[in-house]
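Engineer: Fold the stuff below for me.
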Amino acid sequence: MITIFGLRLSGSLKSIHMAEMKDRAIPFTITSIYYILTVYFLMQIKELDPILGEVLAVITVAIVILTLVSFFWKMSAHMTGMGGLIAAVLVLGLKFPTFQPLYFLLGSLVLAGLVGTVRLYLDAHKPMEIYVGLIFGFVLCFVGFSWIWA
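Structural biologist: So this is what the prediction gives:
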């Protein structure tokens, strides 16, 4: 967020809302670089559980792909994150029998519905951008997290 506000104050970014596709290029690229560097440095710290770096790597892949797509189309980053959250709850429920995901899953679905509705209400996205973002985040994170906890 500091980078986004810095870009806004410098005039490189018209609005922190990034309503247009061209407004997303620099902030999303910088965010991708931050995530890639964070994963790299986390993987270097042997004292940490490797799952932390692996989970962040899956999220980083989602952010990098979202950034690449953003050069051509305005997919919803909010809904990509919500799809990832739903996938995480579902995978944890499937892989760990002691984890009861029902209420977390229902909460995530309600939250995703609210976020998607608000994004549409604010006219920040078209319905297809919302749906594709949600499905993309869910599929990528479901596959990635399932692989981590295989």
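
Engineer: Show me what secondary structure element comes after the longest helix along the chain.
Structural biologist: Longest helix of the chain, by residue count under DSSP state H: helix 21-44. Using DSSP states H and E, the helix or strand that follows helix 21-44 in sequence is helix 50-70.

Engineer: who's in contact with residue 19?
Structural biologist: Residue 19 makes contact with residue 124, according to CB atoms under 8 Å, 6 or more residues apart in numbering. All C-beta spots, glycine's among them, are computed from the backbone N, C-alpha and C.

Engineer: can you pull the contacts of residue 48?
Structural biologist: Taking CB under 8 Å, 6+ apart, we find residue 48 in contact with residue 42.

Engineer: Look up how far residue 39 lies from it.
Structural biologist: Distance, residue 48 to residue 39, using CB to CB, to the nearest Å: 12 Å.

Engineer: helices or strands up against the lowest-mean-pLDDT helix or strand in the chain?
Structural biologist: One helix or strand of the chain scores below all others by mean pLDDT, DSSP states H and E: helix 2-10, with a mean of 81. If contacts are counted by 3 or more CB pairs under 8 Å, 6 or more residues apart in numbering; DSSP states H and E, helix 2-10 sits against helix 21-44.

Engineer: Which residue ranges make up each domain of the chain?
Structural biologist: Per automatic domain parsing, the structural domains of the chain span 1-74, 75-150.

Engineer: how far does the first one stretch from start to finish?
Structural biologist: For domain 1-74, the separation between the terminal residues is 20 Å (CA to CA, to the nearest Å).

Engineer: Mind pulling up the pLDDT for the residue nearest the centre of the chain?
Structural biologist: Centroid-nearest residue in the chain, with CA atoms, centre = their mean: residue 81, separated by 3.3 Å. At residue 81, the pLDDT value in this model is 97.

Engineer: which non-adjacent residue is nearest it?
Structural biologist: residue 137 (6.2 Å; CB to CB, 6 or more residues apart in numbering).

Engineer: I figured the one you found was touching residue 62, is that so?
Structural biologist: Yes. If you go by CB atoms under 8 Å, residue 137 and residue 62 touch, sitting 6.0 Å apart.
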